[in-house]
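*Asks:* From the sequence below, what's the structure:
(one chain, ligands or ions: 1)
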Amino acid sequence: MSSGAPSSLADPAVLRARRTEDVVVGDEIVRHRLASRVIHWSVALLFFLALFSGLPIWTPVLGWMAHLLGGLNVCRWLHPWAGLLFFLAMAAMFVHWLGDMRLEPPDREWLRPRKMVEYMKHEGDEAEVGKYNGGQKLFFFAVALGAAGLIVSGLVLWFPLSFPRMASELATLLHDLTFILFVVAVVLHVYLGTAAEPGTFHSMVRGTVTRRWARFHHPRWYREVTGERPRHP
Ligand code: HEM
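*Replies:* Model prediction:
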C-alpha cells in the first residue's frame with residue numbers, strides 16, 4: 001500500500017548518504033556516510049558487549065549481569081574476544097576519522113575546564129567550529145588512547161603465565177582505571193549525542209542533519225558545505 005510519501009530507501013538524501021558525506025541534498029546535509037555509521041555502531045556494540053561481559057568478572061556485586069550473556073563461564077571466554085574485536089573496530093574508526101579530527105588552534109580552548117560548562121550553556125564563541133568541535137576531537141583521541149591501554153593490559157591479563165606477576169598487577173590496575181574512565185566518557189558522549197542535542201542521533205542513523213542543526217552546532221562546517229558566507233549581525 002502506498003502512502004504517497006517517498007519511501008526511505010528511495011529518499012535522495014538516504015541514497016546519497018550511502019557513499020558521500022559533506023554534501024547538501026535538498027533541505028538536508030549528509031554528515032555521516034554509511035561506512036562511518038557501520039564502523040561507529042560496530043564500535044558501540046562491541047564496547048557494550050565487552051563491558052557487560054567484563055563487569056561480572058570484575059566484581060561479584062555485578063555477578064547477576066552474567067545471566068544476561070549465559071553465565072559467568074560464557075563471560076570469561078567471551079570478554080577477551082569481545083575486547084579484541086572492540087579494539088580492531090576502534091582501530092578502523094581511528095584510521096577512518098583521523099583526517100577529520102586534526103586539532104586546530106581554537107580546539108585548545110577545550111583544555112580549559114570551564115569550556116565544557118560554557119559549551120553546555122551555549123555561551124562560547126562557536127562561529128569557527130568545523131565538522132567536529134574540540135570536545136569531540138578530544139573524545140576521539142581519548143578513546144583511542146583508552147582502547148590502546150585496554151588492549152595492552154587486556155593481553156597481559158589474558159595470558160598471565162607469560163608475564164611476571166608484577167606486570168599482571170600493573171595490568172589489572174591499568175585495565176580497571178581505563179575502563180572506569182571510558183564508561184564515564186561514553187555516558188557523557190551518549191547524553192550529548194542523544195538527549196542534549198536533538199538531531200545529532202539522527203545523523204548517526206540516517207546519515208543526515210538539517211541545515212538548522214548544522215548552522216547552529218557546526219557553523220564553519222555549514223559554511224564550507226553550503227558555500228554560504230558568514231552572517232554578520
Ligand atoms: C549507544 C551508544 C552511542 C551513541 C548513542 C552514540 C552516538 C553518537 C553520535 C550521534 C555521533 C555523531 C556526533 C556528530 O555527528 O556530531 C557519535 C560520534 C562518535 N562516537 Fe558515538 N555513540 C555511542 C557509542 C559510542 C562508543 C561506545 C564510542 C567509542 C568507544 C563512540 C565513539 C564515537 C566517536 C569517536 C565519535 C566522533 C566524535 C564525536 O562526535 O564525539 N560512540 N556518536
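*Asks:* Please count neighbours and contacts with C-alpha atoms only from this point.
*Replies:* Will do.
*Asks:* Near the closest residue in space to Phe94 that isn't next to it in sequence, how many other residues are there?
*Replies:* Spatial nearest neighbour of Phe94, excluding adjacent residues (CA to CA, 6 or more residues apart in numbering): Ala144 at 6.9 Å. Residues near Ala144, counting by other CA atoms under 10 Å, number 17.
*Asks:* can I assume Ala144 is in contact with Leu88?
*Replies:* No: contact between Ala144 and Leu88 fails when scored by CA atoms under 8 Å: they sit 11.0 Å apart.
*Asks:* What are the boundaries of the strands in the protein?
*Replies:* In the chain, the segments counted as strands under DSSP state E are 23-25, 28-30, 208-210.
*Asks:* Can you name every helix or strand that the longest helix seen in the chain contacts?
*Replies:* Taking DSSP state H as the criterion, the chain has its longest helix at helix 165-193. The elements that helix 165-193 packs onto, with contact taken as 3 or more CA pairs under 8 Å, 6 or more residues apart in numbering; DSSP states H and E, are helix 134-158.
*Asks:* Pull out the buried residues from the helix it packs on.
*Replies:* 134-135, 137-138, 140, 143-144, 146-151, 153-158 (16 or more other CA atoms under 10 Å).
*Asks:* got it, and stretch 201-208?
*Replies:* Quick answer for stretch 201-208 (16+ other CA under 10 Å): 201, 203-204, 206-208.
*Asks:* now stretch 20-31
*Replies:* 20-24, 28-31.
*Asks:* circling back: wait, does the longest helix of the chain contact the ligand?
*Replies:* Yes: contact of helix 165-193 with the ligand (CA under 6 Å from any ligand atom) involves 186, 190, 193.
*Asks:* what comes into contact with the worst-scoring helix or strand of the chain on mean pLDDT?
*Replies:* One helix or strand of the chain scores below all others by mean pLDDT, DSSP states H and E: helix 114-120, with a mean of 84. By CA atoms under 8 Å, 6 or more residues apart in numbering, the list of residues contacting helix 114-120 from outside reads 109-110, 124, 135.
*Asks:* and the two most separated of the residues you listed?
*Replies:* Gly124 and Gly135 (12.5 Å; CA to CA).
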